[in-house]
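**Student:** Give the three-dimensional model of this entry:
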Amino acid sequence: MKTISFIALALSGAVLFGCNQATNHEHHPSGKDTLAQSSQGPDHAGSHVYSCPMHPEVTSNSAGKCSKCGMALVHTDQAANSKKYRMEFLAKPAQIEAGKSAALSFTPKEESNAQAPVPLDVVHEKKIHLILVSKDLSYFSHEHPAYQAAGDYVWEHTFPSGGEYLLFQDFTPKGAAHQLSRIPVQVAGQPKAAVKYTAQNLDWKKDGYEVKLGFDKTPLQTNQATEVKITVAKDGKSVTNLDNYLGALGHMVIISADTEDYLHVHPLESQTQGPDIVFHSSFDKPGFYRVFLQFNHEGKIQTADFTIQVQSAPSNT
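**Tutor:** Got it, this is the predicted structure:
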């Protein structure tokens, strides 16, 4: 398990987590502890401070909207605390098997006081956003563990095949900054042949839907502010009646092919309900990325997936 070094993107709609320095915290044979990385912003000396619940580093001295995700800034005159947190993970049964339900338990802990309860804020309608992906990024699931009286959050999950999976958890302790934990798990059972993504795929089709992914700048390059536009159609007609999902028209997760960079992106505010959903993003390193988009139409959540390639920006020398 690797400690996650956080990079806050100075543009609308994205949070980027790089996972590049290694630290492993084994808890016991059936569980793990992982240090969570914070998006802690600087202290502020002004008389009034407004900050984003999802991106605490985005602050203002007046009410407004977050420049990254569009959420309303919340009035707080105290900077987020500097405590360190970790996520304790326990699976029942301890050895997860493909095709069989397993209870996945997540307990947020304060690093310096493991016995203290850690209440969580509700962000985008949930206290924990759990992203489960296979190591090759061919499998994706976005879930929300339920709070239990014992203080943990539990999600029952059935993994489709054996092999390595990664569990990302987005959460925000009350009074603290946004955190991300990344936990690898090994699932017993017959593995699927690994998929290697080596070409861009910007078009997704299923059940009459067609979703196209476009950019305001091509080719995609590192360290470049980029507008990402999703266009949704069904049965050949533009979809103009999208419903909100978790408080937004869409949710996008972008993960690098090596799984070490993670972006959870929310769209800009829109006066319409489709067919376009607009995001802003940026990429720290070159290579292939998998993109997972979720949207709500006619009461059903759809998950579209794409593959993009990012090139190194030309040097200025």
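**Student:** Contact partners for residue 141?
**Tutor:** Applying C-beta atoms under 8 Å, 6 or more residues apart in numbering, one finds that residue 141 lies in contact with 131-133, 157. No exception for glycine: its C-beta is placed from N, CA and C like everyone else's.
**Student:** Equivalent analysis for residue 138, please.
**Tutor:** Residues in contact with residue 138 (C-beta under 8 Å, 6+ apart) are 192, 194-195.
**Student:** ok, and the most crowded of those residues?
**Tutor:** residue 192 (15 neighbours; other C-beta atoms under 10 Å).
**Student:** Grab the nearest non-local neighbour of that one.
**Tutor:** Leaving aside its chain neighbours, residue 192 sits nearest to residue 161 (4.5 Å; criterion: C-beta to C-beta, 6 or more residues apart in numbering).
**Student:** one step back: buried subset of the contacts of residue 141?
**Tutor:** Of the members of the contacts of residue 141, the ones counted as buried by neighbours, 16 or more other C-beta atoms under 10 Å, are 131-133, 157.
**Student:** Format these as a markdown table; extra columns: pLDDT and distance to residue 244.
**Tutor:** Putting those into a markdown table (pLDDT from 0 to 100; distance: C-beta to C-beta, whole Å) gives the following:
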| residue | pLDDT | distance to residue 244 |
| --- | --- | --- |
| 131 | 98 | 19 |
| 132 | 99 | 23 |
| 133 | 99 | 24 |
| 157 | 99 | 25 |
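**Student:** Including distance to residue 83 and secondary structure, could the contacts of residue 141 go into JSON lines?
**Tutor:** Shown next, in JSON lines, are these (distance: C-beta to C-beta, whole Å; DSSP: H, G, I helix; E, B strand; the rest coil):
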{"residue": "131", "distance to residue 83": "24", "secondary structure": "strand"}
{"residue": "132", "distance to residue 83": "27", "secondary structure": "strand"}
{"residue": "133", "distance to residue 83": "28", "secondary structure": "strand"}
{"residue": "157", "distance to residue 83": "29", "secondary structure": "strand"}
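**Student:** Look at the residue most central in space within the chain and report its pLDDT.
**Tutor:** Nearest to the mean C-alpha position of the chain, counting by C-alpha atoms, centre = their mean, stands residue 264 at 3.5 Å. According to the model's per-residue confidence, residue 264 sits at a pLDDT of 89.
**Student:** Check the secondary structure at it for me.
**Tutor:** The local conformation at residue 264, judged by DSSP: H, G, I helix; E, B strand; the rest coil, is strand.
**Student:** Just grab the bridge partners of it for me.
**Tutor:** Listed by DSSP bridges, the beta-bridge partners for residue 264 are residue 15, residue 253.
**Student:** so it makes contact with residue 248?
**Tutor:** No - assessed by C-beta atoms under 8 Å, residue 264 is found out of contact with residue 248, at 11.3 Å.
**Student:** This protein - how does it break down into domains?
**Tutor:** Domain assignment for the chain by automatic domain parsing gives 15-187, 203-310.
**Student:** and the last one, how far from the chain's centre?
**Tutor:** Taking C-alpha atoms, centre = their mean, to the nearest Å, one finds the center of domain 203-310 at 13 Å from the center of the full chain.
**Student:** Distance across it, terminal residue to terminal residue?
**Tutor:** Taking C-alpha to C-alpha, to the nearest Å as the measure, domain 203-310 stretches 17 Å from start to finish.
**Student:** same question, stretch 244-259
**Tutor:** When the termini of stretch 244-259 are compared using C-alpha to C-alpha, they are 28 Å apart.
**Student:** when you give positions from now on, start the count at 20
**Tutor:** From this message on, residue numbering opens at 20, which makes the last subject stretch 263-278.
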